[in-house]
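In: below: sequence and its predicted model.
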Amino acid sequence: MAGRHRSYDGPNSTPRRNSGPSGSNGSSFPTGLVAVGTVLVLAAGGGYVLYSKKPGAGGDAGHSAAGNAGSSCAGGTATTLNVDASPDVYAAVKTVADAMTGCVRINVTSVESAAVTAYLSGTAKGGDVTSAPDVWIPDSSMWVDVARAKGAKTLADNPAPIAASPLVIGMPKPVAAANGWPDQAFGWRDLLKDFKTDNKLQTAIPDPANSGPGLAAITLLRTVVMTPAGPDKAKQQQALQNLTLVYRLMSNNVSSSMNSLLTDLPTKGATAASSGGIAAFPATEQKIAAYNAASPATPLLALYPAEGTMMMDYPYSIRAGLDPAHAAAAADFQTLLHGPSAVNTLQKAGFRDPNGAAAGILTPAEGVNPAMPVLMPPDTSHTAADTTLSVWGTTSEQTRGLVVMDVSGSMGLTVPGQTDPATHTPLTRLQITVAACTNGLHLFGNNSELGLWTFTTKPRADGGGTVRTEVVPLGPLSAPVGQTDRRGALDTALQQLSVHPGSRNGLYDTILDAYKTVLNGWAENKVNAIVVFTDGKDDGLNSMSADELIGRLNALKAANPSHTVRVMVVALGSGVDLTTLSRITGAASGQALHADTPADIGNAVMAGFAGRLNDK
């Protein structure tokens, strides 16, 4: 089937320029901006970037009309109905539009659902969508919910779906077979378990801010993680930390779109159980079947989560307020799309009918199961998608920050109950902190920027001043540092840290220096932060007081109101003054958290990221 390998890419089309919506006397969807309130601890700024298709990337404009529509219509003029359709369903919708007869011209345009959402809600930052469509067919009703949550007012209620395709987990067949799937049940919890343990399955995701399958996946994962917590506040907080961990790991392998992810699979996908490469990703069933129909070297398998999934439902959303001619044209086209011929066209393209019935290429031979999958309960509040996008946009942000390690003498004290599993020797506070930091490096993507400092003080005889050492300079994790990259340099440097017996810490001076360093070169769209690990109080010898530090931090914040730098302190042992540390971190939009074990340290860091969700 030559040429089918790229059929899932979906034709693009020339964007419809702003000439005013059809039949609306110049009126359009409201464009008032609605703020996305996702200011969280350790995050500065917020929001998410929405994707628009690239002009001239291929495909036609999708115009269609009956042969003599103009000359045979009243007044000699046909009604033009502008339809924006999700790229994956565009070709089938255009085929149906081409067959429509009468005094109507259907202009079908291939547009990413997220781009239309942004335009209709007034949050678009440029892009190809320059006027509101008469009819919008996104890949999921979730985008209608998001558009309304962000301010769109003139979307008609209860749009009817024209097709359906369940969300699945796509996986190379060799990888699935090695794990016993689908012979044994597969579920979202299998992915969650993998995230929390060895992470053997390299998971990719199409950007949820741009992709329906990506948005659906993070929404369902949030449901699976958060629902068992029930009303218990402590359990909810722990669940939120777990969700933050999952989202941060997923954010390290994000493709710009579903099409981009699939296009990259032949070179980036796993070809065997132990070959490395992308081994799992959310997709629609239709995408898996279409991909396999092109006879790829490594076919895919669609796994249907046992706990349930959701249908991408391709709603036919009519703009409210159309004039009678355009309203009639929209109704007629909807009737045609629900007719037997159109349903057959959509099924041949790999979609189910609106009721979930499968036909066409949806067969086991193409890696899918035509039976009706288990579905999760629908979101009757219509708020889950928008809330989940806010959570994702915050917890998955890349980081620019410093890890600041106390190496004063007390960090050499052993921790009760903590021993080296190989030697059975007691572990020190510094050793358990290093272990937690090393294990946490994988939470940061290659676009994150990190650096490592240590601090202590000189002996009293030498004046007792603060000694701060830049061990690894702040910079991108993927950038070269010596013979390795910065990620490798950090890993090596952490392993080589040692305490300075008899010294005392210089905590307050170091926090201020680190704050100024991160502030200088502050990066937009990243978490600009400092994480400090310490087990003691500042001795105050030749150092500023806590009140002086708080005053200086407040002054820097006032002078740089849009450049937030968040300070988090992870306090170890019983000798810390958590009250004072909380006052200091509160002045820097952060948190102070207590920890005694490696697990506590990891939980404290994740609580810091998750805690940003309570900062709205």
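Out: All right, it came through fine.

In: now the helices for the stretch 1-150 of the chain?
Out: All helices of the stretch 1-150 of the chain, identified by DSSP state H, counting those that start in this stretch, fall at 69-72, 87-98, 113-121, 141-149.

In: would you mind finding the most buried of those?
Out: Highest mean neighbour count among the helices of the stretch 1-150 of the chain (mean count of other CB atoms under 10 Å): helix 113-121, with a mean of 28. Glycine gets a C-beta too; all of them are placed from N, C-alpha and C.

In: same list (the helices of the stretch 1-150 of the chain) but as TSV, adding distance to residue 445 and mean pLDDT.
Out: Output for these, formatted as TSV (distance: least, CB to CB, whole Å; pLDDT from 0 to 100):
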stretch	distance to residue 445	mean pLDDT
helix 69-72	52	48
helix 87-98	26	96
helix 113-121	21	94
helix 141-149	24	96
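
In: of all those helices, which one comes closest to residue 328?
Out: Among the helices of the stretch 1-150 of the chain, the nearest to residue 328 by CB to CB is helix 69-72 (14.2 Å).

In: could you redo the helices of the stretch 1-150 of the chain as CSV and give each row distance to residue 321?
Out: Listed next are the helices of the stretch 1-150 of the chain as CSV, based on distance: least, CB to CB, whole Å:
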stretch, distance to residue 321
helix 69-72, 24
helix 87-98, 22
helix 113-121, 13
helix 141-149, 15
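
In: quick one, strands of the stretch 501-616 of the chain?
Out: Under the criterion DSSP state E, counting those that start in this stretch, strands of the stretch 501-616 of the chain are mapped to 527-534, 566-572, 591-595.

In: for the stretch 201-350 of the chain, same thing?
Out: So, for the stretch 201-350 of the chain - with DSSP E, counting those that start in this stretch - the strands run 205-206, 254-255, 281-284, 300-303, 311-312, 315-318.

In: would you single out the least confident of the strands of the stretch 501-616 of the chain?
Out: Lowest mean pLDDT within those: strand 591-595, a mean of 88.

In: for that one, which strands pair with it and how are they oriented?
Out: Its sheet considered, strand 591-595 pairs with strand 566-572 (parallel) by DSSP bridges.

In: can you pull the buried residues of the strand it pairs with?
Out: Using 16 or more other CB atoms under 10 Å as the test for burial, strand 566-572 gives 566, 567, 568, 569, 570, 571, 572.

In: what about the third one, distance to residue 515?
Out: Per CB to CB, to the nearest Å, residue 568 is found 12 Å from residue 515.

In: what touches both of the two?
Out: Counting by CB atoms under 8 Å, 6 or more residues apart in numbering, the shared contacts of residue 568 and residue 515 are residue 530.

In: quick one: low-confidence ranges for the stretch 151-300 of the chain?
Out: Confidence mapping of the stretch 151-300 of the chain against pLDDT under 70 gives the ranges 196-200.

In: and the helix ranked longest in the chain, what other elements does it pack with?
Out: Of all segments of type helix in the chain, defined using DSSP state H, the longest is helix 233-250. The elements that helix 233-250 packs onto, with contact taken as 3 or more CB pairs under 8 Å, 6 or more residues apart in numbering; DSSP states H and E, are helix 188-196, helix 212-226, helix 384-395, helix 598-611.

In: so which of those comes closest to residue 403?
Out: Among the helices and strands packed on helix 233-250, helix 598-611 comes nearest to residue 403, with 10.0 Å by CB to CB.

In: how close does the residue lying closest to residue 154 once chain neighbours are set aside sit to residue 356?
Out: The shortest distance from residue 154 to any non-neighbouring residue, by CB to CB, 6 or more residues apart in numbering, is to residue 320 (4.4 Å). Separation of residue 320 from residue 356 (CB to CB) stands at 28 Å.

In: neighbour count winner among those two?
Out: Neighbour count, other CB atoms under 10 Å: between residue 320 and residue 356, residue 356 has more, with 17 against 12.

In: so the more buried one: helix, strand or coil?
Out: Three-state call for residue 356 (DSSP: H, G, I helix; E, B strand; the rest coil): coil.

In: list the contacts of it.
Out: Residue 356 makes contact with 164, 166, 311, 372, according to CB under 8 Å, 6+ apart.

In: now with 6 Å, please.
Out: Contacts for residue 356 (CB atoms under 6 Å, 6 or more residues apart in numbering) come out as 164, 372.

In: now the strands of the stretch 201-350 of the chain as a markdown table including mean neighbour count and distance to residue 381?
Out: Below are the strands of the stretch 201-350 of the chain laid out as a markdown table (neighbours: other CB atoms under 10 Å; distance: least, CB to CB, whole Å):
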| stretch | mean neighbour count | distance to residue 381 |
| --- | --- | --- |
| strand 205-206 | 27 | 24 |
| strand 254-255 | 21 | 27 |
| strand 281-284 | 28 | 22 |
| strand 300-303 | 26 | 28 |
| strand 311-312 | 28 | 18 |
| strand 315-318 | 24 | 17 |
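
In: as CSV, those strands with distance to residue 436 would be great.
Out: Shown next, in CSV, are these (distance: least, CB to CB, whole Å):
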stretch, distance to residue 436
strand 205-206, 26
strand 254-255, 25
strand 281-284, 29
strand 300-303, 33
strand 311-312, 40
strand 315-318, 46
